[in-house]
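Asks: All I have is the shape, not the residue letters:
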C-alpha cells in the first residue's frame, strides 16, 4: 500500500530536519506525498518544494501550515494543506498570527523568570535563528540550562495547558485560522482532535463550529490515536461531511519516538487520503491548477 504523511515539521518551526532534509527523508521512506506543516509559518516551503522538484519527482510535496489557536482557554490546532504560500496578501494576514506568537513567547519568558528559571527572548532567538519559536524551543533551553531533567517535565510542570507558566494565544481562534486558510486557497483541517481532552459534546460543538466556518477535513490518522480514537474521528467526519486526513506529526529529534510516515510504528495513511483531498482542493480552487 502506498502511504503519505500530511503533518510534519521542519527547522522552520520546531522540527530538527531542515526542509530539504525532511523531503529527502520522505523519499527515503518511500512516501508518495508529504505535507510540511510548520507552526504559524510558511518560510520553509520554498526550500522544501524546490528540493522535491529537483531531487524527488516521484514525491509530492504539499505546501502546508499548522495554526496554533485557542478555544475556551485550550490549544486547538488547524492544519492548512495546499496553501498558496507565495501570495502576498496571505502572507500579510499570517503576520498577525506570528506577532501574536511573539507576544505570547515574551510573556512566557517573564513567567519562567519569575519562577526562578530565567530565559530571555533574545537568547531564544539567538539559539534558534530563523525558526518560529514554540514551547519545544523553551523546553530545550530549560533542559540545556539545567532547570529541568527532561522535556516532558517542562510540559508536565510548567508549559503544558493550564500549568503555571503557560500563556494562551490572545485573540487567535480556530475559526480565524479556518478563514485565513481559505483566503490562502488552502484546505483547513482540524488537527489531532482527540488530544485536546475535550468531552464528546465539547468536541462535537467544536467540529460543528468549524464546519460552519468552512472546515474541509479532520485528522482521522495520528500517531497517538487508539483504534477507538480513530473510530470517533471517523464518526465526526461522517456526521459533518468532512474529508479524512492525518500524519505522524514528525519533529525529528524533538520527538524521537515518532518516525515519519509510521509514527510509533503502526501508522499507515493510504495514498487515497491525499488523492481525495487534492480532488476537493482542485474543485474548490480550480484557478490554482491552470
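Replies: Right, received. Where do you want to start? Values in this document were obtained by computation on a predicted structure and should not be read as measured data.
Asks: counting contacts, what elements does the longest strand seen in the chain pack onto?
Replies: As assigned by DSSP state E, the longest strand anywhere in the chain is strand 60-71. The contact analysis (3 or more C-beta pairs under 8 Å, 6 or more residues apart in numbering; DSSP states H and E) places strand 60-71 against strand 33-36, helix 45-55, strand 74-81, helix 88-114, helix 174-183. Glycine gets a C-beta too; all of them are placed from N, C-alpha and C.
Asks: If you average pLDDT over each of the ones you listed, which is lowest?
Replies: Mean pLDDT is lowest for helix 88-114 among the helices and strands packed on strand 60-71, at a mean of 90.
Asks: Quick check: buried residues in it?
Replies: 90-91, 94, 97, 100-101, 104-105, 107-112 (16 or more other C-beta atoms under 10 Å).
Asks: From the chain's centroid, how far away is the following helix or strand past it?
Replies: Remark: after helix 88-114, the chain's next helix or strand is helix 121-127, criterion DSSP states H and E. For helix 121-127, the separation from the chain centroid amounts to 22 Å (computed by C-alpha atoms, centre = their mean, to the nearest Å).
Asks: mind checking pLDDT for the residue lying farthest from the centre of the chain?
Replies: Relative to the mean C-alpha coordinate of the chain, counting by C-alpha atoms, centre = their mean, the farthest residue is residue 116 (30.6 Å). Residue 116 is assigned 95 on the pLDDT scale.
Asks: Give me the residue at the spatial middle of this protein.
Replies: Centre-nearest of the chain using C-alpha atoms, centre = their mean is residue 66, 3.4 Å out.
Asks: List the backbone torsions phi and psi for the residue lying closest to that one once chain neighbours are set aside.
Replies: Nearest residue to residue 66 in three dimensions, chain neighbours excluded: residue 37, at 4.4 Å (C-beta to C-beta, 6 or more residues apart in numbering). The phi and psi values for residue 37, taken as degrees, to the nearest 10, are phi -130, psi 70.
Asks: residues in contact with residue 37?
Replies: For residue 37, the contact set (C-beta atoms under 8 Å, 6 or more residues apart in numbering) comprises 6, 7, 8, 9, 64, 65, 66, 79, 80, 81, 247.
Asks: now it: how far from residue 85?
Replies: 11 Å (C-beta to C-beta, to the nearest Å).
Asks: Repeat that for residue 195.
Replies: Counting by C-beta to C-beta - residue 195 and residue 85 are separated by 26 Å.
Asks: Name the residues contacting each of residue 37 and residue 85.
Replies: In contact with both residue 37 and residue 85: residue 65, using C-beta under 8 Å, 6+ apart.
Asks: surely residue 49 meets residue 63?
Replies: Yes - with contact defined as C-beta atoms under 8 Å, residue 49 counts as touching residue 63 (6.3 Å).
Asks: For these two, indicate the residue with more neighbours.
Replies: residue 63 (22 against 18; other C-beta atoms under 10 Å).
Asks: Is that one in contact with residue 50, as I believe?
Replies: No - contact between residue 63 and residue 50 fails when scored by C-beta under 8 Å: they sit 11.4 Å apart.
Asks: What pLDDT does the model give the residue nearest to the centre of the chain?
Replies: Confidence for residue 66, expressed as pLDDT, is 97.
Asks: Of the helices and strands packed on strand 60-71, which is nearest residue 148?
Replies: helix 88-114 (10.6 Å; C-beta to C-beta).
Asks: just the angle between that closest one and helix 174-183, please?
Replies: 150 degrees (axes from the mean of the first three to the mean of the last three C-alpha atoms, to 10 degrees).
Asks: how far is the host helix or strand of residue 275 from where the chain is centred?
Replies: Taking DSSP H and E as the criterion, residue 275 maps to helix 271-284. Helix 271-284 sits 19 Å away from the centroid of its parent chain (C-alpha atoms, centre = their mean).
Asks: try stretch 74-81
Replies: 6 Å.
Asks: what about the nearest residue to residue 140 once chain neighbours are set aside, distance to residue 142?
Replies: Closest residue to residue 140 apart from its sequence neighbours, by C-beta to C-beta, 6+ apart: residue 151 at 7.0 Å. Residue 151 sits 8 Å away from residue 142, going by C-beta to C-beta.
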